[in-house]
Structure formats: structure tokens, C-alpha cells
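S.K.: generate coordinates for the sequence data below:
(3 chains)
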Amino acid sequence: MSSTDSFIDKLHDKQQKKGLLADRIRTKEMGEDVILEIQNLKKFFDIPVPFETTWFMIAFVAAIVVFAFEQIVGLILIGSIIVLYFALPYVPPFNKRPRVAHLKAVDGITIQIKKGKIVGLVGESGCGKSTAAKTIIRLHEPTEGSVYFKGIDINRLTSDEMKEIRRHLQIVFQDPYASLNPRATAHDIIIEPFDIHGVASGDEASYRVLTLLKDVGLAPHHAYRYPHEFSGGQRQRLGIARALALEPDFIVMDEPVSNLDVSVRAAIIQLILYLQKKMGLTYLFIAHDLSLVKILCDEVNVMYLGKIMEAGTSDEIFESMMHPYTKALISAVPIADPTKRSKKIFLTGDIPTPINPPPGCKFQTRCPLVSDICRVDDPPAKWYTASHVAYCHNIEGGEENPDSYTQ
Amino acid sequence: MATAEQEQTGEFLLDEKTLREIETMKGAGQWSIVWRRIKKDKMGMLGLYIVLFLILMAFSSWILLGFDNWLTSQGYLLGDPLNPRSFNNLYIELWLPGMPADSPLVLFQHPRHHFPELAKLPPSFKHPFGTDGIGHDMVSRIFFGATVSLALGFIGQMTTVIIGTFLGSIAGFYGGAIDDILQRVIELLYSMPGFILMIFIIVLFEDVNIPGGRYAVVVIFFSLIGWGGTALIVRSNFFSLKQQDFVEAERALGASDMRIIFKHILPNSLAPLIIIVTLGIANTIFLFAALAFFGFGDPNAVSWGDDLNKWQNELLYFPWMPMFPALFIFFTVLGFNLLGDALRDALDPRLKD
Amino acid sequence: MKSDFMSRPSEEVLLEINRLKTYFFTEEGVVKAIESVDLEVYKSETLGLVGESGSGKSVTALSILGIVPDPPGKILDGEVIFHGQDLRKLSDSDMRKIRGNQIAMIFQDPMTSLNPVFTVGDQISEAIILHQKVTKKEAKEKSIKIMSLVGIPSADERVDNYPFEFSGGMRQRVMIAMALSCNPELLIADEPSTSLDVTIQAQILELLKATSEEFDMSIILITHDMGVIAEMCDRVAVMYAGFICEIGDIMIIFKSPYHPYTRGLLGAIPRPDAARDDLQIIRGAIPNLINPPSACRFHPRCDYYMLGLCENILPELVEIEPGHSVRCHLYTDEGKAWMAERGDKRVIGTIPKSIAG
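M.R.: Residues are numbered from 1 along each chain as shown, chains lettered A, B, ... in the order given. I've put the predicted structure just below:
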């Protein structure tokens, strides 16, 4: 471990020298406990709008007419139209025309993750939480913003440096059926990380594979089975084993149990908690199941259409939530206790698409408290404690700055 | 109720012996499931037998002809290799050391040699498929024609598949401008009338003298324009596979692009490729036979298509002359198509058990 | 919400299922999807049918309507008594009159259960015309009325829209409108909210609750979510691997579950006041129904497994108290004899700590 620590120090020094960390030299000053810091992370997808071809068609027909009278000129015209048709979409003024619509999947999220904690990121489908997960560990390149891992801006690393950092950042996917290569055995799947990083080979690697299988609750005779021979829960165990192989510090859990059956779900949750205790891991736990997040997470971030609506400790979010969206979301969760049938807050309408969203607050179309200012300005941060923040124009109280609580 | 800790405590010993034992316990792979499914498909098995029979025929005729030429050139057989009427040029013989040099085992009439006095004989015991208009034995022509007919199909299809897979995988994996350009080029290829273009090219290169004769020109040109369909299928396959979670997981582990393409995506897109190749071979054989039928083959080659072309006018009077080559083309196309359909069903991921 | 859901709304039995048995004869083998299902649905009550994937809850629904895909599926045994007549003995055309008219069904996936090439108005009108003698124009007027009833805004315009112009929640509303169009007496809702988001799910469940009261309709609500059951139902039937293991009033089942599987299921979900360590695990995995465990299919995962008994003799459905039945050897005579013989003090009926609250 010491060698990788010195590697991180080296990268840190390198980025500091370049002045990349001028305003945020996190770990050294804020104490060692912040392992990952996400700052104003944005990820937009470009949806191509089909290139306008009507004018080309007209020009092409015209060129053929010309060709009938004047062969040489016609041929030149036809040739140049074909060349233009291929080339024009890449020439600067034309490539920026409304050929693309922005899908603002992640529109500026800021999260601090402390070592050894389980941080939840909850939201409904289409709110961008899975895109956020992949952008945080740089499976997507972010459009804007930075992710600092132990103080290093990972989006500025070269691919070789990034490969080394990937040993510390791992991900467990939602769908246990899609996340395992159907043509590889369990052994092949788990030995892959050792192979890529040259950590172990031969019998040593096989031994470590079997140890990992044991750690996640599978038996050694499972090693040479194919994914289709496993049940959903066992597949998810395999996915976890693969993520653990390189002994990471931080794992993104992208809805690891939402595709599993109830009775299997609890076992996987127990495993995740057991491994966290045993290996000192830090999780970013992404979910839409609020009752699970409530018992599992230390801190919770509530996301809606690519933005954080409210963040705080688990108690703060579930007991003293401020944001109207959080209130509606939590009241909508069915409670498994017939004596506690609660009064629900019903939101009108559906979740709008994140393509070219309107200015102002993202929640304006469904919010019960909506007023004119919500359609113009981004909502301000209102801090209720040093950790509890809600973004809304129309809620009472709160401070502009969290520092007023720490002083 | 059991807790996670209790589940983890089942200790086991990991020594050399256990490791070896576990390694012998490999489960049933994807391909054994596919094989099981094909075995259940009666028509598919018929196709497989036809294809295997044809491949065996093409291979053995190729080896036999080569062996015969070698024997003759080495002088193991009596007679003058330069004299066309000499015994060892009239027949394909099998001679092994120890056999008398003057009486080798005669297997077939030589496919390139004809006896004018034996022309136009109907099928009989001596000539089961009859003889053709100038005295070739039809059995011999069919047997030795298999090599060219099948080889053209295999080589033509293989080259297009290799080119198509290469270009399609790059376009599908990297996308962007490469993908755009490739798609436009494929559209261009698709908009051309392939068959007429082939005829045009053959006429254009009629006098070109390259090893392999006219068919080499045809195959080269065919592979240059025929890869579009394969490339499109591979491209869309790569495009959907690269967004799958298991590929994302590879990237999260830090795997290189080449490792992802060759170790993870390509093996998963093998199924459609196998179907393309199987059905494609049938189509290619059919295409070359059709070219020969219209007289754009190689009149000097021993192939089913050219024989069919040569004797197509004799159908009413000497029906066996064009019938047997046509029948064999039909069976080949049928066999590969049956096999391809069976493979398509067997490799269908929706039928996972 | 009903003010007093402890008392059953009515004692009149609307639907009764006895010994229902449905198998699927596939290439890999016989999938024994439903082995023996007995339940009854009372008039204007909501019955929850809860179970994990492969428990046979959807097949039960299809079997009631007689629309099990055949081949490979086949209903082998049992009776489905609706209004005193056995639906399994009815002819196809009689069954079609009941299907959609007196018993309607809504499916899990609102994306695939609407035909994409017809407008939603056409599809609702078709359902109406099929069962009622009305003209096309009247049918369309009626569909507009029913669409606004299920909360689709500006229904008179939306009636001419195609399914792809609706969001997931709105499509599920259209499905409900279609099901309600003929005033059915029984609505079978197969995971109506599973593919929807929490806030939309709350809307749809509320709509179901309101319409069931308005139309005086019974609902069989199929789901795997104990939370939805607790919010919606009057009674609940718990299914595991083709058997009903426990059926009874919702308050009793959630407070003191008798069957080990029901206990495990309730222990495995995060309850409102639970802590991290309170989550309980059910050992093992859901069985493969081609080759299921013998007799009681839960015995390999059961903490109360009785050696020599559970794998050999199938327990009968025992009525613990009126309206609450359990299929488990802990409560049968054979089981009691087994325990007495060994002086075993397997606890019956005590409540696990996490559920007690």
C-alpha cells in the first residue's frame, strides 16, 4: 500500500506544481478524512439532430441537369457536392449549428465523501444518478467540474496515471445480468483485474480468485461456472468480488440490489456492510429505494433532474427535511406497516425530460410552492446545519454559508 | 436467521490439490449448449451433413489431384509425362510404394482429359453420371469441380468477413467521424448494382494474367465491394455491446481498448458472424455459379458453374450433362442455408435456458 | 382510505380458487409453476398477492382469466369459481364475455401492453364496443369520460394521441381506464406500479384505491413490494414457489406472521424504525421450478426445518383462526407429533424482534 500512497503523493505534487490545485489543496489542509470530493460536476450528452439534407438533394439534382448539357462542369459539380456532403458537418461554423441538443444528465453536483462513510445518492429514474456514478469514476468524461480523489484532480491525469488510480476507484453495477461477460467463467471474470494490472498470475492469481469468491460468500466450485449458471444474487456477488479484487478504497454502488428479489437483497446488503467493516471501504451508494437508503447511509443527497435538491445526514433528510421535493418523495414511499398508512403529498405531473431544460429551478413544473422567481433564478443554497443544505427559493430559514455553524 | 458473518465462516483449504480439482470442474460452455440445440434440429443436422460431405469431397479431390500430379512429375508411374495420350495422364491413379508400377489403382478419369469416342453417353454403371459432349466423365468433373466451387465461396466470404469485421468493429467502437464516413461508403457500395459491376470488371480484366486465372480477379473484386453488410452488422453489434455494463466494468478496471475489443466484445459478437459466414458462403457460391452460367466464368476451370454453362443448351437431349452440376450447386446452397438457419436459431440469445 | 379496514367489507365471496395447478411444458423440462393455490376474494376488498419472482403470482392471475399461453402452459387441475360458476368449464366465447367485462386485468409494463399503431381512444373504445352495445361515437364519448376519471388532463384532446405521446405514468392510467371501461367486478393488477417511480407510483396506487371504492370493485393486487401491500390491501396471500403459504388479514400477517417464509420476507425488508443490523437474511436462493424441492418447497431455506417430515409430507393449509390459514408443519398435527416425539420446543407464533415493533 505504501508504494501506491507515494504514487498518489507524487501525482499530488505534480498537479500542485502545475498550479492545478491552487485553490483547492484538499487533503493536506482539510484533514485526511475527505477521500473524494466532487465539485460542480456536469455531464451533458449531445443528441445529434439530423443534418439538413434538403439543399444537398436540390443541388445534386441541379448538378445532374448541368451534367446533361456540360459534362465536365457537371462532373466537377457532382464531385464537389459529394465531398461537401461528407465534409461539411465537420467544418467549424456548420458543426456548431443546432445539430445537437443538450441532455443535461448531470447539471452541477457537489458532494464531499469522508473516509469510511456510506454516502447515498437518491432520485427517481432519469434524474441522472447513474450518469453521475459513471462520471465520478471517469467512465464518462465530465463536461465541466472536477473530481478530487485524495486531493488529485483525476480528470487531468494521463491514461497511464488514470489506470493506476483506477485500482482505488471501483464500481458495482445495477444489472447483475449485463455486468458480467456472458462468455467468461467466474474465474476469468475475477482474474481480469489481476491480469490487467499485472498484480498476480498463475497459481497465485487463482488462489486469490478463490479467496475472493470465499469473501463474497461463493464456494470454490463456482469458479468455473458461466454467468448464466448463477442466480441473480450470486451474479451480484461476482460483481462485488471483481470490484474488490484490486483492494480499492472507494466503491460506487450503482443500485446494487434493485434488480434482486427481496429475500436475496438483504443478504447482499449484509455482505456490502460486512465488507465495508472488514476492509475499511467508502461507498457512494446510489439507489431509488428510500427505505433502504434510510437505514444504510450516513449521509444522503437527493437528486432531481441532474441537480442536488437537498443534502444532509440521514437523520436530517428523513426526520427534518426542508425541500418540497424531498418531502413529497419521502411521503410517497410505501411503508411496510399497515398501522402506519401515512398521508401522502401527491406531486402533479411527470418528471420532465432533461433535454434543454428551462432556466431556474428544475423542480418548478411540479413544485407545490412554485413562484415567479423559480422560473428565472437558480435556487440559492440554504444551510440549516453544517451538513444540511437545501436548494429552494421558497423555504424558510437557513444560512447562506455553512461556515456560520462551524465557528 | 443467518447473518453475513455466519455465511462467511465456512472455511475451506486451498492447497495445490484443491486448485487442480477445481480446475477440472469446468462447467458446460456456451458452445456445448449451441451444439445440443443444433443436434435437436433435424433439418439443421441434414444441412450439417451435406456441408461436411461437400467439404470432405472438395478436400479429398484437391489432395488427390495434387498427389497424382506429383506422382506423374516424379516419374513413379510408367509412361511419358509429356505425352497427353500416356496412361498416367488419362486417369487419376492411386499408387503406393510396393504396388507394381505398371498397374496402379485407377480411381477416376482425369477431369481435364476427354475421350471423344465416349462423348454423350447416358448414365451407366461405368459412368454413373454419364459423359459430357466431348467425352469427360461427369463423375470426375463433379468430384474435382467441388474444389473450385467451394474454395471460391469460402475464400470470397472469408475475405469480405475479415474486412467487414475489421472496419465494422473500429467504426462501432470509436464512433464519431470514422463511423460517419464508413456508413456513407457502405451506402455508396449498396447503391451499386453488384452483379452487373462484376460482369463489367470481368470483361475489363479479361486479358489480365495473374495466378489463379480469371477467378482470382473475381474473388478480389468481390471482397472489395462485398464487405458492407458484414461491416454494418458488426458495427451495430459493437455499438450496443460497448454500452453494456460488463464493458464499462472492464474500463473501470483500467483495461486498454484493444483488450476490450478482442477479449470481450469480439467473442460476444461471434454468433452473428458465424451466421453471416454460413449463409454468405451459400450466396457466394451461388453468385459465382451464376456468373459462370452467364458465361463470365473461366472456361479452362473445372467447376460446376462452368460445366453448367457449357452444356445448358443440351438440357432437352442430354439432360444429365447440365443436370448434375446444377444439382450439386443446389445441394450446396441448400446445405449451407439449412445449417445457417439452424445456427441462427441455436445462437439466438433469447432462447437462453 | 377506509376508516376501518380491520373488518372485511363484505362476506360475499366473489371469486374462489381451489387446488389450482398450472405447469409449463418447456424444452428443458416441466416448470411446475403453480402446484396448489387456494384462495378466495370477497366482494369489494383488495387482496394482495405477494411473492418473489418465480413464486407463481402472475401465473395465478393468467390462470384465473384462462389466458395461460398454451403451449407451453397448461392448467392441469383445480377450479376457479366466479359468481358460482366454474370458469374453467366455460366455453371460449363465454369466457371472452367475462374477460374484460366482469374481470379485467392491468399489466406490469405500460410500455408494451398498448398497441403503438392505434390511438389510446381507439383502444379504449374497442374494449367498450366489445362488451357493450354502443355506437362508435358513444364509445368514444365514454372513453373520454373514463380518461378524465382516471386523471388524464384534457382528456378530450389526449384521446386522439398515440401511446408513445404519453409518459409511463400516463400510460398506466390509460391501462386502468381501459380496464375500468366496462365496470368490472374484479380487477387483477399485476405489478401495476413496479416500473414506475416512487412519486408516480403513489399517484397510481391512490387512483386504484379511489376507483375501487367508487366502482365497488374487488382488486387482486400482485406485487413483490411489502410496502405497497401494507398501504393498499385488506387481506394478503403470501406465495412461494407455487404454493400459498399464508393468507389472512393484513394487520394480523404484518403483526404476527406464522409461516417462516413470511417472517423471513418481513425481516428482509427495511422497516421504518429498523437499524442497519436488523436486516435479516433468508438463506439460499429461490428454487428452480423444473426440479423443485420435494413436499414443502421452502424446507431447504427454512430455519424451522424438521428432518424427515418437511421433505416427505406436504403440509395442509391449516386454519389458525378464522380467515387466517398457514401451510406449514409447525402447525399441523404431523408437525406437532414430530416435535412432541423429540421433546422439541420449536417456538410457535412468537414474533421476531425486528417485526415486533
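S.K.: show me the contacts for C:His329.
M.R.: C:296, C:306, C:309-310, C:313, C:315, C:335, C:338 (C-beta atoms under 8 Å, 6 or more residues apart in numbering or on different chains). To be clear about C-beta, it is placed using only N, CA and C from the backbone, and glycine gets the same treatment.
S.K.: doesn't it belong to a helix?
M.R.: No - counting by DSSP: H, G, I helix; E, B strand; the rest coil, C:His329 falls outside a helix, being coil.
S.K.: correct me, but C:Ala155 touches C:Ile144?
M.R.: Yes - C:Ala155 lies in contact with C:Ile144 (C-beta atoms under 8 Å); the separation is 5.0 Å.
S.K.: all helices for chain C, in order.
M.R.: With DSSP state H as the criterion, chain C has helices at C:57-65, C:92-98, C:120-131, C:136-149, C:155-158, C:168-180, C:198-215, C:226-232, C:250-255, C:260-268, C:333-342, C:353-356.
S.K.: kindly report the same for the stretch 1-150 of chain A.
M.R.: A:2-17, A:26-30, A:54-69, A:71-87, A:92-95, A:129-136 (DSSP state H, counting those that start in this stretch).
S.K.: just name the most buried of these.
M.R.: helix A:129-136 (a mean of 24; mean count of other C-beta atoms under 10 Å in any protein chain shown).
S.K.: which helix or strand contains the residue most central in space within chain B?
M.R.: Residue closest to the mean C-alpha point of chain B, counted by C-alpha atoms, centre = their mean, is B:Phe154 at 2.9 Å. Using DSSP states H and E, B:Phe154 sits in helix B:138-174.
S.K.: show me what the helix or strand following that helix is packed against.
M.R.: Where DSSP H and E defines the elements, the next helix or strand beyond helix B:138-174 is helix B:176-190. Applying 3 or more C-beta pairs under 8 Å, 6 or more residues apart in numbering or on different chains; DSSP states H and E, we find helix B:176-190 packed against helix A:71-87, helix B:138-174, helix B:228-241.
S.K.: which outside residues touch the helix or strand just after helix B:176-190?
M.R.: Next in sequence after helix B:176-190, counting helices and strands by DSSP H and E, comes helix B:194-204. Residues outside helix B:194-204 that contact it (C-beta under 8 Å, 6+ apart) are B:214, B:217-218, B:221-222, B:225-226, B:287, B:290-291, B:294, B:296.
S.K.: okay, buried residues for helix B:194-204 please.
M.R.: Residues of helix B:194-204 classed as buried: B:198, B:201-202 (neighbour count, 16 or more other C-beta atoms under 10 Å in any protein chain shown).
S.K.: just stretch B:292-308 next, same as before
M.R.: In terms of neighbour count (16+ other C-beta under 10 Å), stretch B:292-308 has its buried residues at B:292-293, B:296-298, B:301-308.
S.K.: surely A:Ala336 touches C:Phe254?
M.R.: Yes - between A:Ala336 and C:Phe254 there is a contact at 7.4 Å, judged by C-beta under 8 Å.
S.K.: residues shared between the contacts of the two?
M.R.: What both A:Ala336 and C:Phe254 touch, as defined by C-beta under 8 Å, 6+ apart, is the set C:230, C:266.
S.K.: so which residue of chain A comes closest to chain C?
M.R.: A:Pro334 (3.1 Å; C-beta to the nearest C-beta).
S.K.: surely that residue is in contact with C:Glu231?
M.R.: Yes - counting by C-beta under 8 Å, C:Glu231 is a contact partner of A:Pro334 at 4.5 Å.
S.K.: identify the contacts common to these two.
M.R.: By C-beta under 8 Å, 6+ apart, the residues touching both A:Pro334 and C:Glu231 are C:Leu205.
S.K.: so for those two, which residue has more residues nearby?
M.R.: Applying other C-beta atoms under 10 Å in any protein chain shown to A:Pro334 and C:Glu231 shows that C:Glu231 carries more neighbours, namely 27 against 23.
S.K.: how close does the more buried one get to chain B?
M.R.: Distance, C:Glu231 to chain B, using C-beta to the nearest C-beta, to the nearest Å: 26 Å.
S.K.: got a list of what that residue touches?
M.R.: Neighbours of C:Glu231 in contact, by C-beta under 8 Å, 6+ apart: A:334-335, A:338, A:341, C:205.
S.K.: buried subset of these, written for PyMOL?
M.R.: The PyMOL command for the buried members of the contacts of C:Glu231 (criterion: 16+ other C-beta under 10 Å) is given here:
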select buried, (chain A and resi 334+335+338) or (chain C and resi 205)
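S.K.: so among the contacts of C:Glu231, where is pLDDT lowest?
M.R.: The member of those with the lowest pLDDT is A:Arg341, at 78.
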